[in-house]
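Q: The following comprises the amino acid sequence and a computationally predicted model.
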Amino acid sequence: MTSAPAPMAFDDELRERVARHLAAHPRLEVPVEPPGEGHRAAAPRRRAAVAVVLVDSEAQADADDPYGGEGDHLMPVPEAIAASMRGFDGRVRNVAGGAAFLLCRRAMRMNSHAAQWALPGGRIDPGETPEETALRELHEELGVRLGADAVLGLLDDYPTRSGYVITPVVMWGGAHVELAPNPDEVAHAYRIGLHELCRADSPRFVTIPESDRPVVQVPLGGDLIHAPTGAVLVQFRWVAVEGRVGERVDHFEQPVFAWR
């Protein structure tokens, strides 16, 4: 497993840099009506939004992962590439420090995608904007209430296999955010240092027999985060952090277990 670079400073320079890069990015908008003609047209997709929330974090504040090993690590890949995943135990620990983002492990009681990784978010209600949805879901899931002025910008829409078009909303959470995860939806909330996204072994790609598109994997601690969350995180790194405006991730595949 490759070590991460040094933590990034959580300061005004980071906030301004992320906002500037997002403003320069020609955002991809995906229609809810998928391509198709006549009786072959697929059903309309539903819109959803997720929050990429930037916060401060203390190094070594996460020496253990209380829910490690219960999620989706190692599940989606064929046996032919299993050897390349040795050393990943499903635990995300010792990843905090400096500028970070919030990541959730979904509650085991969830009817779908239980124990999987997710950014705070959910379905867009009628009359809501993606920004309003992301702010609402952040409060409902993690107890964090932010105003509209916290929004720094949007990343590309990502169409999922399960029939959603996800809009990622990047926002500034602040240095002293108190988390109160809703146990009905969130098993545990993690502060993941942005430096973890910039590891030399990230992102990585694998192939599956069910698709000709590459399955993206984002190593965080001892686990691998897959699309759609993994795709959002890759574009956040490339565009918002590194300024690689125009980079796309909508062609990155999800593992089969996330297709439903």
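A: Done, it's in. For clarity, every value in this text was computed on a predicted model and none was experimentally measured.

Q: in this protein, which spans are strands?
A: Assigned by DSSP state E, the strands in the chain fall at 46-57, 98-106, 117-118, 121-123, 151-154, 158-159, 164-174, 186-193, 204-206, 215-220, 223-226.

Q: Figure out which of the ones you listed is closest to residue 19.
A: strand 151-154 (4.5 Å; CB to CB). No exception for glycine: its C-beta is placed from N, CA and C like everyone else's.

Q: Touching, residue 49 and residue 119? I think so.
A: No - in this structure, residue 49 is not within contact of residue 119 by CB atoms under 8 Å, at 9.6 Å.

Q: Settle it for me: which of the two has more neighbours?
A: Neighbours were counted for residue 49 and for residue 119 using other CB atoms under 10 Å; residue 49 has more, 29 against 26.

Q: got the contact list for stretch 132-140?
A: By CB atoms under 8 Å, 6 or more residues apart in numbering, the surrounding residues in contact with stretch 132-140 are 48-51, 53, 120-125, 128, 144-148, 150-151, 167, 169, 171, 182, 185.

Q: now swap in stretch 207-221 and tell me
A: Stretch 207-221 has contacts (CB under 8 Å, 6+ apart) with 1-2, 65, 76-78, 81, 88, 91-95, 103, 192, 196-197, 199, 201-206, 224-227, 229-231, 233-234, 249, 251-256.

Q: Show me the shaky parts of the stretch 1-150 of the chain.
A: By pLDDT under 70, the weakly predicted segments of the stretch 1-150 of the chain are 1-2, 35-42, 68-87, 108-115.

Q: Which residue ranges of it form helices?
A: 12-24, 130-142 (DSSP state H, counting those that start in this stretch).

Q: for the first one, packing partners?
A: In this structure, helix 12-24 makes packing contacts with strand 46-57, strand 151-154, strand 164-174, judged by 3 or more CB pairs under 8 Å, 6 or more residues apart in numbering; DSSP states H and E.

Q: try it again with 7 Å
A: Applying 3 or more CB pairs under 7 Å, 6 or more residues apart in numbering; DSSP states H and E, we find helix 12-24 packed against strand 151-154, strand 164-174.

Q: Switch the ones you listed over to TSV; also include distance to residue 210, mean neighbour count and mean pLDDT.
A: Output for the helices and strands packed on helix 12-24, formatted as TSV (distance: least, CB to CB, whole Å; neighbours: other CB atoms under 10 Å; pLDDT from 0 to 100):
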stretch	distance to residue 210	mean neighbour count	mean pLDDT
strand 151-154	30	20	98
strand 164-174	19	23	98
